[in-house]
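Novice: Got a sequence here, can you model it:
(one chain, ligands or ions: 1)
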Amino acid sequence: MKVLLTGATGYIGSAVTEHLAAAGHQVVALTRSAEPRPGRAWYAQSVGDTADPASLAGAVTPDIDGVIHLAPPSGDEDVDAAVVEALAAPLRGTGRPFVYTSGVWVLGATGDAREVPEDTPTDPIGIVGYRPRIERRVLAEAAEGVRAAVVRPGIVYGRGGGIPAILVDRARGQGVPEYYGDEGVRWPTVHVDDLAELFVAAVERAGAGTVWHGVGEPAVPVRDLARAAGRAAGVLASPQAVPVEQAAEVFGPLFAEALALDQSVSGAAARTSLGWRPERPGAVAELVWGSYRPVEVFGAPDAPETDADVAAIRRLVAEVEHAQQNELADRFLSVFRRQDPVWTTGHGRRLSGFEEIETFTRKVLPGATAESTAVYDVERVLFLRPDVAAVNVRQQPVRHDGTRIAGRPEGRPFYILVKEDGTWRVGAAQNTVVAD
Ligand SMILES: NC(=O)c1ccc[n+]([C@@H]2O[C@H](COP(=O)([O-])OP(=O)(O)OC[C@H]3O[C@@H](n4cnc5c(N)ncnc54)[C@H](OP(=O)(O)O)[C@@H]3O)[C@@H](O)[C@H]2O)c1
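Specialist: The predicted structure is shown next:
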């Protein structure tokens with residue numbers, strides 16, 4: 001399909017572009033300026049401004065097979081309605097798709113009872129006040145022979161961006177992780193690449209007049225997200241609740257209200273009816289182990305295969321942390337290569353061979369975390385060969401609630417990893433206590 005995409009340069013639009021192209025579609029990006037953007041998987045570029053509906057008059061040419069409208073609202077209901085008119089009118093009577101992007105905030109606070117589905121009456125908060133009316137305007141196009149659909153994303157995360165990046169920046173800036181409003185607030189979330197796949201599914205096969213929640217996890221406690229954002233920022237402290245009034249001074253009252261909104265939203269319909277499979281890591285895992293914490297990478301090309309190897313190496317170190325924190329000897333041992341591994345502990349004891357490492361682990365790990373534990377963060381990966389990596393890790397002592405134990409020294413584990421049969425394992429390891 002040739003798909004006209006508004007908002008194509010944005011956070012979500014960039015991912016949608018890639019997934020549309022990967023699915024074999026041609027993306028015609030509607031951008032405000034004609035300036036070419038090299039490196040994007042666009043088939044063509046068309047100029048238009050959604051603040052000026054008249055500029056969109058010729059955007060949907062007869063060869064356009066469908067439209068995905070991702071550019072944000074203008075703040076003026078009449079302007080947004082005119083944009084829908086300009087983009088949808090050329091599709092009337094064709095059965096071609098028009099996918100409009102709304103958001104879960106149109107549902108308002110959902111209460112505790114259940115994960116709310118798409119047919120729940122809307123109750124928009126201030127920041128999205130008129131958006132349900134634009135949704136209805138879009139859905140009315142179904143009666144005009146347009147395959148009109150609405151996608152309501154949850155809070156989007158991944159690729160180091162979106163609202164969670166604000167939590168990371170704030171934690172770094174304030175020196176303490178923050179969340180807004182009550183401790184019980186929960187956010188429906190979705191990984192940006194999973195969401196992009198939902199847009200592809202919607203433009204390909206969503207029925208006329210349908211609404212879809214783009215939600216991977218229905219209700220993630222913001223306190224957990226704040227703690228994970230702190231970890232991503234290197235701030236290992238207890239998350240702090242910021243009252244909405246105080247948050248309003250930083251973010252403005254409308255966005256502060258949205259950040260403090262408690263929601264539990266179901267994304268089940270898209271899974272069942274569109275075959276959508278959101279399978280990326282959850283929001284907390286992504287903050288702690290994924291794109292929000294850059295890793296320095298050397299010796300390998302800037303390519304998807306390298307990204308996949310770095311992600312696998314991070315998973316291995318996450319496994320070390322999980323096994324240590326939960327005193328799981330078998331899982332800890334599973335990260336080592338069987339053939340002649342060597343490990344020098346932080347106390348300078350050299351363990352040679354799998355058997356020695358196993359005996360030592362089974363002796364010292366049980367009870368090791370009675371008083372405290374540690375977190376492990378990958379900081380630097382040097383690919384010595386495509387299948388051999390030298391990995392610098394930062395190990396920090398923490399309490400069981402994840403807060404840093406002041407005055408206790410850090411460790412600097414160094415691993416030589418080997419990739420065999422597609423799996424990275426530790427061939428050699430050394431830990432060094434940081435003296436100062
Ligand atoms: N991010 C979330 O968590 C989330 C959650 C729910 C719903 N949504 C909705 O998803 C949509 C996209 O969000 P996003 O996070 O990807 O936003 P974003 O990163 O700010 O991207 C906005 C995109 O819209 C384009 N745009 C802005 N004003 C425009 C105008 N007047 N005319 C034409 N294009 C314009 C921008 O182009 P330029 O390059 O020219 O600036 C950019 O490509 C929005 O409708 C948002 O409300 C987002």
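Novice: near the ligand, which residues of the stretch 151-300 of the chain show up?
Specialist: 153, 155-156, 162-163 (CB under 6 Å from any ligand atom). (Glycine included, C-beta is placed from N, CA and C.)
Novice: The ligand contacts on the stretch 1-150 of the chain?
Specialist: Counting by CB under 6 Å from any ligand atom, the residues of the stretch 1-150 of the chain close to the ligand are 6-13, 31-32, 49-51, 70-72, 101, 103.
Novice: Which residues does the helix or strand that contains A285 contact?
Specialist: A285 is located in helix 283-289, with elements delineated by DSSP states H and E. Helix 283-289 has contacts (CB atoms under 8 Å, 6 or more residues apart in numbering) with 155, 157-158, 164, 167-168, 187, 189, 191, 217, 220, 224-225, 228-229, 231-232, 280-281, 292-293, 314-315, 318.
Novice: In strands only, show me those residues.
Specialist: Of those, the ones assigned to strands by DSSP state E are 155, 157, 187, 189, 191, 217, 220.
Novice: OK, contacts around the first one?
Specialist: It stands for I155. 104, 162-164, 187-190, 283.
Novice: mind running it again at 7 Å?
Specialist: I155 makes contacts with 162-163, 187-189, as judged by CB atoms under 7 Å, 6 or more residues apart in numbering.
Novice: same question, the second one
Specialist: When the contact criterion is CB under 7 Å, 6+ apart, the partners of Y157 are 164, 189, 191-192, 283, 286.
Novice: Can you select the buried ones from those residues in ChimeraX?
Specialist: To isolate the buried members of the contacts of Y157 in ChimeraX, using 16 or more other CB atoms under 10 Å:
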select :164,189,191,192,283,286
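Novice: Same list, the contacts of Y157, but as CSV with pLDDT and distance to A57 please.
Specialist: As requested, the contacts of Y157 are arranged in CSV below (pLDDT from 0 to 100; distance: CB to CB, whole Å):
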residue, pLDDT, distance to A57
P164, 98, 38
T189, 98, 37
H191, 98, 36
V192, 98, 31
A283, 98, 40
E286, 95, 41
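Novice: so which of the contacts of Y157 would you say is closest to D78?
Specialist: Closest approach between the contacts of Y157 and D78, by CB to CB: V192, at 30.5 Å.
Novice: nearest spatial neighbour of the closest one, skipping sequence neighbours?
Specialist: G158 (4.1 Å; CB to CB, 6 or more residues apart in numbering).
Novice: quick one: V28 and the ligand, what's the gap?
Specialist: V28 sits at a distance of 13 Å from the ligand (criterion: CB to the nearest ligand atom, to the nearest Å).
Novice: What strands line up against the longest strand along the chain, and which way round?
Specialist: Counting by DSSP E, the longest strand found in the chain is strand 373-385. Strand pairing for strand 373-385, determined by DSSP bridges: strand 296-298 (parallel), strand 388-398 (antiparallel).
Novice: Which secondary structure elements does the helix or strand that the longest one is followed by sit against?
Specialist: Beyond strand 388-398 on the C-terminal side, the first helix or strand identified by DSSP H and E is strand 414-420. Using 3 or more CB pairs under 7 Å, 6 or more residues apart in numbering; DSSP states H and E, the elements in contact with strand 414-420 are strand 388-398, strand 423-430.
Novice: Let's see that with 10 Å instead.
Specialist: helix 304-325, strand 342-344, strand 373-385, strand 388-398, strand 423-430 (3 or more CB pairs under 10 Å, 6 or more residues apart in numbering; DSSP states H and E).
Novice: and it, which residues are buried?
Specialist: In terms of neighbour count (16+ other CB under 10 Å), strand 414-420 has its buried residues at 414-419.
Novice: got it, and stretch 310-325?
Specialist: 310, 313-314, 316-321, 323-325.
Novice: Take the residues of the stretch 1-150 of the chain next to the ligand and keep only those in helices.
Specialist: Among these, DSSP state H puts 11-13 in helices.
Novice: Quick check: of those, which lies closest to G209?
Specialist: Nearest to G209 among those is I12, at 22.8 Å by CB to CB.
Novice: residues touching that closest one, list them.
Specialist: Contact analysis of I12 by CB atoms under 10 Å, 6 or more residues apart in numbering lists 68, 70, 72, 101, 151, 153, 156, 159, 161-162, 190, 192, 195-196, 199, 214.
Novice: Just the buried ones out of those residues, please.
Specialist: For those, buried by 16+ other CB under 10 Å: 68, 70, 101, 151, 153, 156, 159, 161-162, 190, 192, 195-196, 199, 214.
Novice: Looking at those, which are in strands?
Specialist: Counted as lying in strands by DSSP E, out of the buried ones among the contacts of I12, are 68, 101, 151, 153, 156, 190, 214.
Novice: And those, which is closest to G353?
Specialist: Checking these against G353 by CB to CB gives V190 as the nearest, at 46.2 Å.
Novice: How about that closest one: which residues does it bridge to?
Specialist: V156.
Novice: Quick check: it touching I163?
Specialist: No. Using CB atoms under 10 Å as the test, V190 is too far from I163 to be in contact (11.4 Å).
Novice: Report the separation between Q45 and G58.
Specialist: Q45 sits 14 Å away from G58, going by CB to CB, to the nearest Å.
Novice: More neighbours: these two, which one.
Specialist: Each of Q45 and G58 has its neighbours counted (other CB atoms under 10 Å); Q45 has more, 17 against 11.
Novice: So what does the more buried one look like in phi/psi?
Specialist: Q45 adopts backbone torsions of phi -130, psi 140, taken as degrees, to the nearest 10.
Novice: residue contacts, the residue of the chain found nearest the ligand?
Specialist: Residue of the chain nearest the ligand, by CB to the nearest ligand atom: G10 (2.1 Å). By CB under 10 Å, 6+ apart, the residues touching G10 are 16-17, 70-72, 161.
Novice: how about these in TSV, adding pLDDT?
Specialist: Listed next are those as TSV, based on pLDDT from 0 to 100:
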residue	pLDDT
V16	98
T17	97
L70	98
A71	98
P72	97
G161	97
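Novice: Need the pLDDT of R412.
Specialist: On pLDDT, R412 comes in at 96.
Novice: quick one: contacts for it?
Specialist: By CB under 10 Å, 6+ apart, the residues touching R412 are 346, 379, 392-395, 430-434.
Novice: Among the residues you listed, which one has the most neighbours?
Specialist: Using other CB under 10 Å as the neighbour test, the contacts of R412 are led by Q395, with 23 neighbours.
Novice: Who does that residue form a beta bridge with?
Specialist: Residues in beta-bridge contact with Q395 (DSSP bridges): Y376, G411.
Novice: That one against Y415, yeah?
Specialist: No. Q395 is not in contact with Y415 according to CB under 10 Å; the separation is 11.4 Å.
Novice: overlap in contacts of these two?
Specialist: 317, 320, 431.
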